[in-house]
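Q: structural data only, the sequence is not supplied:
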């Protein structure tokens, strides 16, 4: 019943909005398995008077776990109603690509887990996004990059060919009334967000000592930010291992190796470093006296958590 209410409400809201605007509704695997779903969708559209092409149903890969003829019949019935179909959270499910040969999707939505970190050095996420957009283009499907929150991410997904963007870079989730007010005005919206998801890094060459499982490594600090550092000289350092970095006598910073390539590793600090007013880091010692430790103790270890956030979807304007 909750699913039926969501469909009816979405169609009623669409009827109040200008005709170019579409609305997407998530369809659960349980709803998809209901043979009455095409009738429920058709009734919601008929009651509101909305054109079927303005309604988009978002379906996750979980519906393909039970591969049978009923799935193909359901897709065919929904397409006969005239609605659009989107494959949501692409790349996070358990199915193969085989279903894309049969399922008549109009759009592939790239999960935000691929967007996050795509601009980081040595990240493979950008290559994955490019592959998905190429696949979608070959299958004549649109693509939406989910969870875009920074200008760097927006620029990257545009360059990689994504046709639509969803995320806080444009808007945070809003009520139907707020969306109606927005739709009644100028729909040209400028992105608004931070340039980057991580703090600017300071490039430098500095000898440091890295302790890993009781073993001392003499290494070279290449760059550093509040959240982490890139270090050379750590051969065969396993990803995920805990390390301590001695930047200067008396200043030890704990962190975890997030990535490692040959003799280079990226370390994420457990606690962000403190900056002085002049922009220098306290952990690196006095800016006027090399090697002099800071008088302030380092903060304790803490854990950071992130929340899944979504927003309004916008199509790129050329």
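A: Yep, it's here. Just so it is clear, the structure is predicted and the values come from calculations on it, not from any experiment.
Q: residue contacts, residue 183?
A: Counting by Cβ atoms under 8 Å, 6 or more residues apart in numbering, residue 183 makes contact with 17-18, 21. For glycine as for every other residue, the C-beta is placed from the backbone atoms N, C-alpha and C.
Q: quick one: which of the residues you listed is most hemmed in?
A: Within the contacts of residue 183, most neighbours by other Cβ atoms under 10 Å means residue 17, with 18 neighbours.
Q: please read off the pLDDT at that residue from the model.
A: In the prediction, the pLDDT value recorded for residue 17 is 91.
Q: where do the strands of this protein begin and end?
A: All strands of the chain, identified by DSSP state E, fall at 23-27, 55-60, 84-90, 107-110, 142-145, 164-166, 202-212, 215-224, 228-232, 242-248, 251-261, 264-269, 313-315.
Q: direction included, what does the second one pair up with?
A: If you go by DSSP bridges, strand 55-60 pairs up with strand 23-27 (parallel), strand 84-90 (parallel).
Q: want to throw those into a markdown table with mean pLDDT?
A: Output for the strands paired with strand 55-60, formatted as a markdown table (pLDDT from 0 to 100):
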| stretch | mean pLDDT |
| --- | --- |
| strand 23-27 | 95 |
| strand 84-90 | 94 |
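Q: which stretch among those comes nearest residue 190?
A: strand 23-27 (22.5 Å; Cβ to Cβ).
Q: returning to that earlier point: of the strands of the chain, which is nearest residue 186?
A: Nearest to residue 186, of all the strands of the chain, is strand 313-315, at 13.0 Å by Cβ to Cβ.
Q: if we can go back for a sec, could I get the strands of the chain as TSV with distance to residue 42 and mean neighbour count?
A: As requested, the strands of the chain are exported to TSV (distance: least, Cβ to Cβ, whole Å; neighbours: other Cβ atoms under 10 Å):
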stretch	distance to residue 42	mean neighbour count
strand 23-27	14	18
strand 55-60	10	21
strand 84-90	14	22
strand 107-110	21	25
strand 142-145	24	24
strand 164-166	26	22
strand 202-212	60	15
strand 215-224	58	16
strand 228-232	53	22
strand 242-248	57	18
strand 251-261	49	18
strand 264-269	51	21
strand 313-315	24	17
